[in-house]
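A.B. asks: Mind looking at a prediction? Sequence and model below.
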Amino acid sequence: MENIRNQIKKFFLRILNIPFAFLMHAIDLIMWPIQKIIGVRNMPYIFLLPNLIFFGLFVIIPLGANFFFSLSSGDELLFAERELPTTKQYDQLFDCESYLNPNTCTEDFFWRGVYNTIFFVVFQVGLMIFFSVLTAVILNKKIIGRGFFRSVFFFPVLLSPVVVGLIWQWILLKNGAFNAIIESYGGDKVSFLTDPSWAMASVIFVSIWAHMGFYTLIVLAGLQAIPPNLYEAAEMDGTSRERIFFRITLPLLMPNLLVVFILASIKGVQTFDEIYVLTGGGPGTSTSLIVQYIFTTGFASSGSVQNFGLAAAASMVLGVVLLFLTLMQLYFSRNKESKHQEI
Amino acid sequence: MSETTSRIIKIATKKRYKNKYHWTDYFSYFYLFLGVLLMFGPVVWLGLSSLKTLAGIQEYPPTILPLSQIQVDVEGYDKPLPIFNVTQEDGSVKQLAQIKRIGINAKMVDPLNPGETVKVPIDKREKIREFKIQWQNYVDPLRKYDFLLYFKNSTFITVVATIITLIINSMAAYALSIYEFRGKNFALVFVIGTLLIPLTIILVPVFYVVANFGMINSLWGVILPGAATPTGVFLLRQYMLTLPRELIEAARMDHASEWAIYWRVVLPLSIPAIAVLAIFSIMWRWNDFLWPLIVLSKSEVYTLQIGLNAFHGELTSQWNYVLSMTMVTLLPIAIIFAYLQKFITTGIASTGMK
């Protein structure tokens, strides 16, 4: 670890030092007079300024503008040319005879997205956490080649969604490797991506494949934080391994798992890119989630007008869901910290 | 005497019990073996297949190694024809080229005697293969299509965005960790607040802002919106809080300007945290998809990810090129991972972000 760190240090320093020092000296020519004028006490504001300008321009102003877009109608992106105020977007979004049946809604595509997202998140998050815990527990044992196995499970996290989507689209083709394996064991070919009842399962599988390593790593960190003397004591008492897992490992891991669970849900609700590449939301609308709806209505409506207002309204709905999940996360992670302190 | 003996026996059996393989051990290795196949298999399979000919890729059931059927040019036929070993009626084996397959029969021709065609039942023939690596798959798309340009765009975005992110995030982190000033708590809450607002819920208005700056179809439209990252500010701030204050006081005594303290004292000491953020930023930017997809609609500004996706959409049947370019897209990240594997995993485990 120390060695790698030093290598990185040297590498960065050697390459970056000359242009870096030049740039920094140049900036100092501006900063020095500023410091003379406003004094040392006010310098932190100058240091904060660039970051805050970026946050303001690309997060805070857009957040306000999102309200505006969702509450105004028209096809134009310019503020002045939009009609205000109107709840037309929200009316249209929530215009349903029965919320349980997307077919009765004006925006059936949105409601299908909502139900698909719920289905997707429940199964993707549930299964992913299950396999992450299983993998982490196994990787936490004294096994041969632990580092190798850990990186094998982790590396898909670094792949881009396009790469993940293309690899799996190709493997899950009707004449792809997966079907060849199935046939060689005597099964029948399956249309993984074009059969509506299989498409969602395939998408969930690929999504778990791509993101599991990240959560495994976090759970593993949680497992390593469990004090080893508890295990030693249990072993002294001759407790069976199953009992150790259910009575020591799992309960002590629980606060950690809760946070991981919500984190995965926050990411899961926003899933877009892998599915976009893998199935494009199809066949039909069977794998299109909420973000896909926002993207399609706002930016990619084929031929017809792009409905920015409707997309903004839908993202406000998504925002409320995410806010709720995030508040839960903050609540539980604070709880976790206070519990740790008590121990 | 007997008591000590029994105790010794007890200790001995205890040890043997501990060293015994439990069923979970067998299960663990089985699971890990399966995991390696499932996690690593697809990428190995991608790498091998990207070296096959198009015919080799489309073959079903597929072969693992890049074996391809030998093809020959036969007089009177436009395309090169695949060669088979055909078992004749008298039991001898002859090499024939296939013109086309009709049901259970194949229309074949002897390459040495192109005038005459014969009908052969398909179960009487066998493909002749050779080990052949198709480097063409990698060369062609880079020459014929714009992949070099996409690669350049991606590299530009990744490098410039990472530099901007590192500079402005470390400046903010410096202000929030070293100084006490009025409004500090407000600034901290402000940064936390932005952490709660992912890009997916403000797509439309960010597009509006970017459009107002005239940055649609410009690489800057991709670089700037994500340059200030709350995660980056926090990562760096947490690290800078641990730096000894005496160093800063000493520098101030020597009449160093605040900017000089920032870049000569604090930045060099924060390099471990900055390196983690740099790796994350490179990863985010190189793999970024949704935002570039919205901002970039002209092919001359495509990034590698967008270009690859569009290329796949246009040429669904050209899997040989799609696979090789997928390899090119994942290679830089794979190389970084191979070198900095431990660094990345500990970075993620300790910060809980990716």
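C.D. replies: Yep, that arrived. Being a predicted model, the structure only gives us computed values, none of them experimental. Numbering: from 1, shown residues only, chains lettered A, B, ... in the order given.
A.B. asks: Can you read off the backbone torsions of A:G284?
C.D. replies: phi 70, psi -120 (degrees, to the nearest 10).
A.B. asks: The nearest residue to it once chain neighbours are set aside: how many residues sit nearby?
C.D. replies: Leaving aside its chain neighbours, A:G284 sits nearest to A:P196 (6.2 Å; criterion: CB to CB, 6 or more residues apart in numbering or on different chains). C-betas here are computed from N, CA, C, even on glycine. Number of residues near A:P196 (other CB atoms under 10 Å in any protein chain shown) recorded here: 13.
A.B. asks: go on, B:A349?
C.D. replies: The number of residues packed around B:A349, counting by other CB under 10 Å, is 16.
A.B. asks: cool, and A:T249?
C.D. replies: Number of residues near A:T249 (other CB under 10 Å) recorded here: 21.
A.B. asks: next one: A:A180
C.D. replies: Counted with other CB under 10 Å, the burial measure for A:A180 works out to 16 neighbours.
A.B. asks: just checking, it touches B:P62?
C.D. replies: Yes. Contact criterion CB atoms under 8 Å: A:A180 and B:P62 qualify, at 5.7 Å.
A.B. asks: Return the per-residue confidence for residue 303.
C.D. replies: By default, I'm working from chain A. Predicted confidence (pLDDT) for A:G303: 49.
A.B. asks: not what I meant, chain B
C.D. replies: Each residue has a pLDDT score; the one for B:T303 is 92.
A.B. asks: what's near enough to touch residue 247?
C.D. replies: I went with chain A, as the question did not name one. Each residue near A:R247 by CB atoms under 8 Å, 6 or more residues apart in numbering or on different chains is listed here: A:234, A:239.
A.B. asks: Correction: the question concerned chain B.
C.D. replies: Counting by CB under 8 Å, 6+ apart, B:L247 makes contact with B:265, B:269.
A.B. asks: Provide a list of residues in contact with the residue of the stretch 101-250 of chain A found nearest chain B.
C.D. replies: Each residue of the stretch 101-250 of chain A has a distance to chain B, by CB to the nearest CB, and the smallest belongs to A:S160, at 3.6 Å. Neighbour list for A:S160: B:286-287, B:289, B:305, B:329-330, B:333 [criterion: CB under 8 Å, 6+ apart].
A.B. asks: hmm, back to that, how about the contacts made by the residue nearest to A:G284?
C.D. replies: With contact set as CB under 8 Å, 6+ apart, A:P196 has these partners: A:283-284, A:286.
A.B. asks: From A:W170, how far off is it?
C.D. replies: Applying CB to CB, to the nearest Å, one obtains 20 Å for the distance of A:P196 from A:W170.
A.B. asks: can you check B:K100 too?
C.D. replies: Here B:K100 is placed at a distance of 27 Å from A:W170 (CB to CB).
A.B. asks: More neighbours: those two, which one.
C.D. replies: For B:K100 and A:W170, the more surrounded residue by other CB under 10 Å is A:W170, and the numbers stand at 21 against 9.
A.B. asks: Spell out which parts of the stretch 51-200 of chain B neighbour chain A.
C.D. replies: Residues of the stretch 51-200 of chain B found near chain A, taking CB under 8 Å from any CB of the partner chain as the criterion, are B:58, B:60-62, B:167-169, B:171-172, B:174-176, B:178-179, B:181, B:183-184, B:187, B:190-191, B:194, B:196-198, B:200.
A.B. asks: Filter those residues down to the buried ones, PyMOL style.
C.D. replies: To isolate the buried ones among those in PyMOL, judged by 16 or more other CB atoms under 10 Å in any protein chain shown, type:
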select buried, chain B and resi 62+167+168+169+171+172+174+175+176+178+179+187+190+191+194+196+197+198+200
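A.B. asks: Helices of the stretch 201-343 of chain A, residue ranges please.
C.D. replies: Using DSSP state H, counting those that start in this stretch, the helices of the stretch 201-343 of chain A run over A:228-236, A:241-244, A:250-269, A:273-278, A:290-299, A:308-342.
A.B. asks: Using CSV, write down the CA coordinates of the fifth one.
C.D. replies: Going back to what we said before, that points to helix A:290-299. Taking Å, rounded to 0.1, in the frame of the first residue of the first chain, the C-alpha atoms of helix A:290-299 are listed here in CSV:
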residue,chain,number,x,y,z
ILE,A,290,-38.6,6.6,-15.0
VAL,A,291,-35.3,8.1,-16.1
GLN,A,292,-35.9,6.6,-19.5
TYR,A,293,-39.3,8.4,-19.6
ILE,A,294,-37.7,11.7,-18.6
PHE,A,295,-35.0,11.3,-21.3
THR,A,296,-37.4,10.3,-24.0
THR,A,297,-40.0,13.0,-23.3
GLY,A,298,-37.5,15.7,-22.8
PHE,A,299,-34.8,15.0,-25.3
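A.B. asks: Would you check the distance separating it from the middle of the chain?
C.D. replies: Between the centre of helix A:290-299 and the centre of its chain there are 17 Å (CA atoms, centre = their mean, to the nearest Å).
A.B. asks: same check, this time on the third one
C.D. replies: Taking CA atoms, centre = their mean, the mean C-alpha location of helix A:250-269 is offset from the chain mean by 13 Å.
A.B. asks: hmm, who's touching it?
C.D. replies: For helix A:250-269, the external contacting residues (CB under 8 Å, 6+ apart) are A:117, A:120-121, A:124-125, A:128-129, A:132-133, A:207, A:211, A:215, A:218-219, A:222-223, A:225-226, A:230, A:290, A:318, A:321-322, A:325-326, A:328-329, A:332-333, A:335-336, A:339, B:198, B:352.
A.B. asks: Can I get it in PDB? Just the C-alpha atoms.
C.D. replies: Extracted C-alpha coordinates of helix A:250-269, given in PDB (Å, rounded to 0.1, in the frame of the first residue of the first chain):
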ATOM      1  CA  LEU A 250     -25.400 -10.500  10.700                       C
ATOM      2  CA  PRO A 251     -26.600  -8.400  13.700                       C
ATOM      3  CA  LEU A 252     -23.400  -6.400  13.800                       C
ATOM      4  CA  LEU A 253     -23.500  -5.900  10.100                       C
ATOM      5  CA  MET A 254     -27.200  -4.800  10.200                       C
ATOM      6  CA  PRO A 255     -26.600  -1.000  10.500                       C
ATOM      7  CA  ASN A 256     -24.100  -1.100   7.700                       C
ATOM      8  CA  LEU A 257     -26.500  -3.100   5.500                       C
ATOM      9  CA  LEU A 258     -29.300  -0.700   6.100                       C
ATOM     10  CA  VAL A 259     -27.200   2.200   4.700                       C
ATOM     11  CA  VAL A 260     -26.000   0.000   1.800                       C
ATOM     12  CA  PHE A 261     -29.600  -0.900   1.100                       C
ATOM     13  CA  ILE A 262     -30.700   2.700   0.800                       C
ATOM     14  CA  LEU A 263     -27.700   3.700  -1.200                       C
ATOM     15  CA  ALA A 264     -28.400   0.900  -3.600                       C
ATOM     16  CA  SER A 265     -32.000   2.000  -3.800                       C
ATOM     17  CA  ILE A 266     -31.000   5.600  -4.600                       C
ATOM     18  CA  LYS A 267     -28.800   4.300  -7.400                       C
ATOM     19  CA  GLY A 268     -31.400   1.800  -8.600                       C
ATOM     20  CA  VAL A 269     -34.200   4.300  -8.900                       C
END
